[in-house]
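*Asks:* Need coordinates for the following:
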Amino acid sequence: MLKYLRYLSVCLPAVILFACKSGEKLYNQGRYSAAVEAFVKKLQRRPQDETSLRLLPAAYDAAKDFYEGRAKQALASNNPLKWEDVKNEYRSMQALYNVIRSSPAASSVVKPKDYSAAIAASGENAAEVRYDRGIQLLDERNKAAARQAYDEFDAALRLSPNFRDAASLKEQAYQLGLVHVVVSEIDVRSSYFQFSADQFRDALVRNLEDRRINTFVRFYDERRVRGEKDFHPDQYMEMRFMDFMVGQTYVDRSQREVSKVIQVKGNKPDSTGKYPMVDITVKATIFVTRKTVESSGLLDYRIIDVTNDRILRQDRLPGSFTWQNQFGTFRGDERALSDADKGLIRGRDIPPPPPQDLFLELTRPIYDRLARDLQSFYSQY
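*Replies:* Next up, the predicted model:
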């Protein structure tokens, strides 16, 4: 414990001296804002520190001149969003105000300026610019401009919460900018697989909604919006399974010879009267039956612009699934069988899954590819 106290008595003054020199070094480098923070931290530990008390006022005045100068330059520029730059400069000064106010010793030598009113005023001016830009874009009454208007109103609200009616106009811009995509029922050319195809489509619509690919793109199940008079889709996605084959079965039978050298007790005793172990070769024939059920198909899809019947995207996606089962019997000496051979012998002839399950399996790779395609397409839309 005594050794630890000695260590502190040596190191603590060195740390304090280093902190003081760091603030002075920052000041000499012209990094006035960082110097102010360093001096204030020092005064929080040592309120009577002479260097900090002496240099803090000069550091603050220099930082104040720097940020206010940048604010004036921004105001004199032709940048339409200059008020946002002004607000940022004032916020930097307000941060120094808060730092100095946190230390009584620092506040005794510096009376920092409160920029909260200036920040609010510049925020109002900046929000008004964004608001006016949003109004102009919204007046164009098209989806692309409405999306830009949405961003402008959103920026206005971030600059000045509750600014005028920006919140309601933002929602109006959002609704106008939305692209409504209706996902059609899937044509499979077979009523037997219609239920499975509907499951495919239902999962796809849920997936697209859950992923939130694009803020301005909404997907709808055709069955749920059919007959709604006030609903007007912008795009229509058609899907059709074609050239699909479910449950093509192949049976392959084969046989192979296996053998193994093992040790067994001999028939003749040796000179001591014991029966020594001898090597013998055991053999067996394995008969293997392999059943394979192959399923494959193609999904043809296209996305159509409802207003002009223009095809926006189309592709044909393949999918396949192979189910396999094998089992076997043997003839000969069981001792010749390996563990893998024994597992094969224990297998049994089991029926393949029903066609509906095979159809769903072959659609899994198609589903994954289609979901990726649509995410890529609509994320840049």
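
*Asks:* Going by C-alpha atoms from here, please, whenever you check contacts or count neighbours.
*Replies:* Will do.

*Asks:* for the helix or strand hosting residue 88, packing partners?
*Replies:* Secondary structure assignment for residue 88, by DSSP states H and E: helix 82-101. Secondary-structure packing of helix 82-101 (3 or more CA pairs under 8 Å, 6 or more residues apart in numbering; DSSP states H and E): helix 32-45, helix 50-76, helix 104-109, helix 116-138.

*Asks:* which one of those helices is the most hemmed in?
*Replies:* Highest mean neighbour count among these (mean count of other CA atoms under 10 Å): helix 32-45, with a mean of 22.

*Asks:* could you check the angle helix 50-76 makes with that helix?
*Replies:* With axes from the mean of the first three to the mean of the last three CA atoms, to 10 degrees applied, the angle from helix 32-45 to helix 50-76 works out at 150 degrees.

*Asks:* can you offset everything so residue one is 44?
*Replies:* That works, and once the first residue is 44, the last one we named lands at helix 75-88.

*Asks:* Output the contacting helices and strands for helix 75-88.
*Replies:* So helix 75-88, by 3+ CA pairs under 8 Å, 6+ apart, packs with helix 45-71, helix 93-119, helix 125-144, helix 147-152.

*Asks:* So which of those helices is nearest residue 380?
*Replies:* helix 45-71 (73.2 Å; CA to CA).

*Asks:* Run the chain-centre distance for stretch 235-244.
*Replies:* 29 Å (CA atoms, centre = their mean, to the nearest Å).

*Asks:* Same check on stretch 340-358?
*Replies:* Relative to the mean C-alpha coordinate of its chain, stretch 340-358 is positioned 27 Å out (CA atoms, centre = their mean).

*Asks:* follow-up on the earlier one: of all the helices and strands packed on helix 75-88, which lies closest to residue 353?
*Replies:* helix 125-144 (42.0 Å).

*Asks:* got the buried residues for that closest one?
*Replies:* Neighbour-count burial for helix 125-144 flags 125-137, 139-140, 142-144 (criterion: 16 or more other CA atoms under 10 Å).

*Asks:* How far away from the center of its chain is that helix?
*Replies:* In terms of CA atoms, centre = their mean, the centre of helix 125-144 is found 34 Å from the chain centre.

*Asks:* quick one, that helix and helix 93-119 angle?
*Replies:* Relative orientation of helix 125-144 versus helix 93-119 (the same axes, to 10 degrees): 170 degrees.

*Asks:* which residues sit against helix 125-144?
*Replies:* 76, 79-80, 83, 106-107, 110-111, 113-115, 117-118, 149-150, 153, 155-159, 161-162, 165-166, 168-169 (CA atoms under 8 Å, 6 or more residues apart in numbering).

*Asks:* measure the most centrally placed residue in the chain to residue 230 for me?
*Replies:* Most central in the chain under CA atoms, centre = their mean is residue 254, positioned 8.9 Å from the mean C-alpha point. Residue 254 sits 25 Å away from residue 230 when distances are taken as CA to CA, to the nearest Å.

*Asks:* just checking, residue 398 touches residue 290?
*Replies:* Yes: at 6.4 Å, residue 398 and residue 290 qualify as touching, with contact defined as CA atoms under 8 Å.

*Asks:* Looking at those two now, which is surrounded by more residues?
*Replies:* Legend: neighbour count by other CA atoms under 10 Å for residue 398 and residue 290, higher for residue 290 (20 against 16).

*Asks:* which element follows the helix or strand that one falls within toward the C-terminus?
*Replies:* In the assignment (DSSP H and E), residue 290 maps to strand 278-308. Downstream of strand 278-308, the next assigned helix or strand under DSSP H and E is strand 320-348.

*Asks:* Sort out which residues of that next one are buried, please.
*Replies:* Within strand 320-348, the residues that qualify as buried are 325-332, 334-344, 346-348, counting by 16+ other CA under 10 Å.

*Asks:* what's the closest of the helices and strands packed on helix 75-88 to residue 305?
*Replies:* helix 45-71 (73.5 Å).

*Asks:* for that closest one, what is the average pLDDT?
*Replies:* For helix 45-71, the mean pLDDT works out to 56.

*Asks:* what are the phi and psi values for the residue of the chain positioned farthest from its centre?
*Replies:* Centroid-distance maximum for the chain: residue 314 at 80.1 Å, with CA atoms, centre = their mean. Dihedral angles phi and psi of residue 314 (degrees, to the nearest 10) take the values phi -70, psi -20.
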